[in-house]
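K.L.:
Predicted model and sequence follow; I will ask about them next.
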Amino acid sequence: MRKKIILVIDDDEMNLQIAKMVLEKKLLCKVIGVDNGVEGIAILKSQRVNLVLLDVMMPDFDGIETLQEIRGDVQIKDVPVMMLTALKFWRSSRVIKSLTRCLLR
């Protein structure tokens with residue numbers, strides 16, 4: 001049986017290392033870590049990924065923009081994505097509207 005692949009997109013190197021260590025040990029899966037959404041989308045287009053863990057707050061191309069690109073691309077739009085953040089801004093109307101648009105595509 002082929003190992004499941006989890007793609008972690010986060011600009012924080014420590015978060016990437018912790019995610020890789022914990023997920024590979026506990027779930028016995030392969031974890032690919034990248035520090036930006038553009039690189040993450042390229043990986044999604046080049047190989048089969050079972051789950052994406054996506055940081056919301058990243059410089060340049062943030063998690064919401066990355067999710068919009070994923071949901072707008074026929075090739076990768078069905079990959080499950082979990083959004084992650086350490087911030088307390090989830091009640092922001094901008095964030096709620098943006099995520100709702102992404103999810104309803």
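P.N.:
Looks like it came in fine. Numbers count the residues shown, from 1 in each chain.
K.L.:
Which of the helices and strands in the protein ranks last by mean pLDDT?
P.N.:
Confidence across the helices and strands of the chain bottoms out at helix 93-103, with a mean of 58, counting by mean pLDDT, DSSP states H and E.
K.L.:
outside of the helix or strand hosting residue 26, which residues touch it?
P.N.:
Remark: residue 26 resides in helix 13-27, with elements defined by DSSP states H and E. The contact list for helix 13-27 (C-beta atoms under 8 Å, 6 or more residues apart in numbering) reads 4, 6, 8, 10, 29, 30, 31, 33, 34, 35, 53, 55. (C-beta placed from N, C-alpha, C; glycine too.)
K.L.:
can you pull the buried residues of it?
P.N.:
Of the residues in helix 13-27, 15, 16, 19, 20, 23 count as buried by neighbour count, 16 or more other C-beta atoms under 10 Å.
K.L.:
Between helix 13-27 and the helix or strand just after that helix, find me the angle.
P.N.:
Tracing the chain past helix 13-27, the next element assigned as helix or strand by DSSP H and E is strand 30-34. Orientation of strand 30-34 against helix 13-27 (axes from the mean of the first three to the mean of the last three C-alpha atoms, to 10 degrees) gives an angle of 170 degrees.
K.L.:
so how far is the helix or strand that comes right after strand 30-34 off the chain centroid?
P.N.:
For strand 30-34, the succeeding helix or strand toward the C-terminus, using DSSP H and E, is helix 37-46. Per C-alpha atoms, centre = their mean, to the nearest Å, the displacement of helix 37-46 from the mean C-alpha position of its chain is 10 Å.
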